[in-house]
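Asks: Okay, sequence plus prediction incoming.
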Amino acid sequence: MSADRMQFGLECCLERPPAVMRDGRFGLLLNQASVDAEFRLSCDVLAERFAGQLVALFSPQHGLWGEQQANMIESPHTIYDPLGIPVYSLYSETRKPRATWLNGLDCLVVDLQDVGTRVYTFAWTISFCLVACAEAGIPLVLLDRPNPIGGQVEGPLLEAGWETFVGRITIPLRHGLTLGELTRLVNRDLAIGAELQIVPMRGWDRRQRWPTVGRAWIPPSPNLPRYRSTLVYPGQVLLEGSNLSEGRGTTQPFEFMGAPFVDPFQLARDLASWSLPAARCVPARFRPTFDKWAGQACGGIALHVLDDAAFRPVLTTVALLASVHRQWPGALSWLPPPYEYEMEMLPIDILFGSDRLRKQLAGNELRNVDDVATLIDFDERAWRERVSEILLYP
């Protein structure tokens, strides 16, 4: 089915709404990227279609408008003026909807754009919504959207004992699922038992990436300004656990990386020797306006993807870390907690899903692409079997 005939869950819901939405009162979890093909916010679209029934909004990390930066910068509760209804922040003093916020609702609707990476918080916010809905005895209705980077998967798996707000079940760092599919998996694997209704897309399959969808990219968070950002994000997000800048405070976050102690030409030469698949690491200098190394000139690389299908973001970033560790011994360091409300574990371990990356770097065990591939390898066949029952698309 061609992109011009593709419909997201929002459009499918307007055509054939679930029974619970036809006459009931509902809340909606959304943000600024929750738009239809005409760029209208889903709250406005649904309020028009279901007059008087939408009575509360909920916002995820970064807030309703994506104003807040990352990692524990919370959003306030507010009012959505066009509709005169409350907006309850689920990245505030609580990540779970309060029972009083759900009082009088017949269901909670979710319309969010995910990015296909385990540590993106939207899926885990929804996991707490599932718990709250189960406790309140109301269904959660999720209006599905594409995984912008398609159905490819890449490890590592989150290991037992490393569960946090950026990973509550064992899944790969690049999971290959839509948000609807991942929510089904979470509801099953955590045995939440919520009544879950997915309104699937029409005309999407998991081979597709965002450029084939036929829609403009609306940033779901402030540091993923374009589709290319999401493509490198499953790997480059690991830099958040280090003293290397991941390009926050530049015009291309996650596509730049570096630090004042990095010689960009030396790093680019070393990375060329790794023969990273479909990746070109170009020497670069940049000066972040905020976040790590704000106002300081950083040497590093600009990461360019030559072939979206062949590119391996996690392998690439682990190679970057290994190269920096090898070229500038002692300069690479790990940031301390807290990170996403985890007060004890190191952020790099939270992001990777275990301490194996940190320990292998310390032991100089990552010398080439094969070493990195072994580190991030996982049983993909077992993963495919595990998710087979929750998949919604071919």
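Replies: Thanks, I have it. Numbers count the residues shown, from 1 in each chain.
Asks: Can you classify the residue nearest to the spatial centre of the chain by secondary structure?
Replies: Centre of the chain computed as the mean C-alpha position; nearest residue by Cα atoms, centre = their mean is Tyr120, 2.9 Å away. Secondary structure, DSSP: H, G, I helix; E, B strand; the rest coil: Tyr120 is coil.
Asks: how many neighbours does the spatially closest residue to it that is not a sequence neighbour have?
Replies: For Tyr120, ignoring the flanking residues on the chain, the nearest one in space by Cβ to Cβ, 6 or more residues apart in numbering is Asp114 at 6.3 Å. For the C-beta atoms, the positions are set from N, CA and C on the backbone; glycine is no exception. Around Asp114 sit 24 other residues, with neighbours defined as other Cβ atoms under 10 Å.
Asks: residues contacting Asp114?
Replies: By Cβ atoms under 8 Å, 6 or more residues apart in numbering, the residues touching Asp114 are Tyr120, Phe122, Ala123, Arg145, Asn147, Thr178, Leu179, Leu182, Pro220.
Asks: My understanding was that the second one contacts Phe128; is that so?
Replies: Spelled out, it's Phe122. No. Assessed by Cβ atoms under 8 Å, Phe122 is found out of contact with Phe128, at 11.3 Å.
Asks: Which one of these two is surrounded by more residues?
Replies: In this view Phe122 and Phe128 are compared by other Cβ under 10 Å, and Phe122 has more residues nearby, 23 against 17.
Asks: mind checking pLDDT for the more buried one?
Replies: Phe122 carries a pLDDT score of 98 in this model.
Asks: now swap in Ser89 and tell me
Replies: Ser89 carries a pLDDT value of 98.
Asks: Same question for the one 5 residues further on.
Replies: pLDDT for Thr94: 97.
Asks: Over to it. Which of the three states is it?
Replies: When classified by three-state DSSP, Thr94 comes out as coil.
Asks: Backbone dihedrals for Val55, please?
Replies: For Val55, the backbone dihedrals are phi -120, psi -10 (criterion: degrees, to the nearest 10).
Asks: What of Arg384?
Replies: For Arg384, the backbone dihedrals are phi -60, psi -40 (criterion: degrees, to the nearest 10).
Asks: Same question for the one 5 residues further on.
Replies: For Glu389, the backbone dihedrals are phi -80, psi -10 (criterion: degrees, to the nearest 10).
Asks: Over to Phe39?
Replies: Backbone torsions for Phe39, taken as degrees, to the nearest 10, come to phi 70, psi 20.
Asks: go on, the one 5 residues further on?
Replies: Geometry field for Asp44 lists phi and psi as phi -70, psi -40, criterion degrees, to the nearest 10.
Asks: In this structure it contacts Pro82, no?
Replies: Yes. Taking contacts as Cβ under 8 Å, Asp44 lies within contact range of Pro82: 6.7 Å.
Asks: Just want to know which of these two has more residues nearby.
Replies: Relative neighbour count places Asp44 above the other of Asp44 and Pro82, with 15 against 10, counting by other Cβ under 10 Å.
Asks: What segments of this structure are helices?
Replies: Read by DSSP state H, the chain holds these helices, from start to end of the chain: 9-15, 19-23, 42-49, 99-102, 122-136, 179-189, 227-236, 264-272, 313-327, 347-352, 356-362, 369-376, 380-387.
Asks: Now these in a markdown table, please, with extra columns for distance to Ser34.
Replies: Supplementary listing: those in a markdown table, determined by distance: least, Cβ to Cβ, whole Å:
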| stretch | distance to Ser34 |
| --- | --- |
| helix 9-15 | 8 |
| helix 19-23 | 16 |
| helix 42-49 | 4 |
| helix 99-102 | 19 |
| helix 122-136 | 11 |
| helix 179-189 | 11 |
| helix 227-236 | 16 |
| helix 264-272 | 38 |
| helix 313-327 | 25 |
| helix 347-352 | 26 |
| helix 356-362 | 34 |
| helix 369-376 | 32 |
| helix 380-387 | 25 |
